[in-house]
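*Asks:* next comes the sequence, and after it the predicted model I'd like to discuss.
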Amino acid sequence: MSLHIGAKAGEIAETVLLPGDPLRAKLIAESFLTDVYQYSNIRNMSGFTGTYKGKRISVQGGGMGMPSTAIYANELIKEYDVKTIIRVGTCGSLKREISLGEVILAMSANTDSNINRATFNGMNYSPVADFELLDKAYHQARELSIPVRVGGIFSTDFFYDENPDRYEVWANHGVLGVEMESAILYTLAARTNTRALSILTVSDNLITKEFNSAEGRTNDIENTARLALEIV
């Protein structure tokens, strides 16, 4: 039994969807899974297991930011032998032409965090998604008529930043969006031979200053969850 999840052995499936918000985890479980049971509610970070089209799937809230994500990903992998983790979340677009509601499949995850620099003795490590999951997600999105883009994203430790030009250099180098979790997820997955992918819905555009409504974000999360479930 792990410290932060607390599930019993066998209660968590080998495949886990990892939204940041535990309420989104609850929404996904109740909307898509059958025979659902809740295995954890420690610190209100809910986790559920159920069945989707005959396959056993878990959905676990992971919190906001890389330190929180690292806690839950570590415990899922090391304590519960999880083999596949798919982050279903949101991101901000760094490209004017990427509209709200579009899906970005994070092929790579750049970061400003010192977590990886500390691990790699000051050198830069470039974590990437599992190619098989990425490939399946791209083609499944096309089949479901979900607008999708594939490329690099930027995982940051900052949500509020007083520098208005902070993301310009990333956008100029082809980075599509910004969020706060994927870099550490991909790094841990690589270290432990776990499959990982981040499927991100664009909830705001940092160039045009457009923001999606709360209702719109909920609908978009349902699209990313459906896409994630179909590929596993």
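*Replies:* Perfect, thanks for sending it.

*Asks:* quick one: the helices in this protein?
*Replies:* 22-32, 66-80, 115-119, 131-143, 168-172, 182-192, 214-231 (DSSP state H).

*Asks:* which of the ones you listed sits most buried?
*Replies:* With neighbours taken as mean count of other C-beta atoms under 10 Å, the helices of the chain reach their highest mean count in helix 182-192, at a mean of 23. Where you see a C-beta, it was placed from the backbone N, CA and C, and this is true even at glycine.

*Asks:* re earlier: out of the helices of the chain, nearest to Val59?
*Replies:* Closest approach to Val59 among these (C-beta to C-beta): helix 22-32, 4.6 Å.

*Asks:* same for that closest one, what does it pack against?
*Replies:* strand 47-52, strand 55-60, helix 214-231 (3 or more C-beta pairs under 8 Å, 6 or more residues apart in numbering; DSSP states H and E).

*Asks:* now render those as JSON lines, adding mean pLDDT and distance to Asn163.
*Replies:* Shown next, in JSON lines, are those (pLDDT from 0 to 100; distance: least, C-beta to C-beta, whole Å):
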{"stretch": "strand 47-52", "mean pLDDT": "98", "distance to Asn163": "37"}
{"stretch": "strand 55-60", "mean pLDDT": "98", "distance to Asn163": "33"}
{"stretch": "helix 214-231", "mean pLDDT": "83", "distance to Asn163": "26"}
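
*Asks:* take those and lay them out in TSV including distance to Leu206.
*Replies:* Formatted as TSV, the helices and strands packed on helix 22-32 follow (distance: least, C-beta to C-beta, whole Å):
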stretch	distance to Leu206
strand 47-52	32
strand 55-60	28
helix 214-231	16
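
*Asks:* and Asp112, which of the ones you listed is closest to it?
*Replies:* Nearest of the helices and strands packed on helix 22-32 (C-beta to C-beta): helix 214-231, 24.4 Å.

*Asks:* how far does that closest one sit from its chain's centre?
*Replies:* The chain centre lies 12 Å from the centre of helix 214-231; the measure is C-alpha atoms, centre = their mean, to the nearest Å.

*Asks:* and what of stretch 208-216?
*Replies:* Taking C-alpha atoms, centre = their mean, one finds stretch 208-216 lying 19 Å from the centre of the chain it belongs to.
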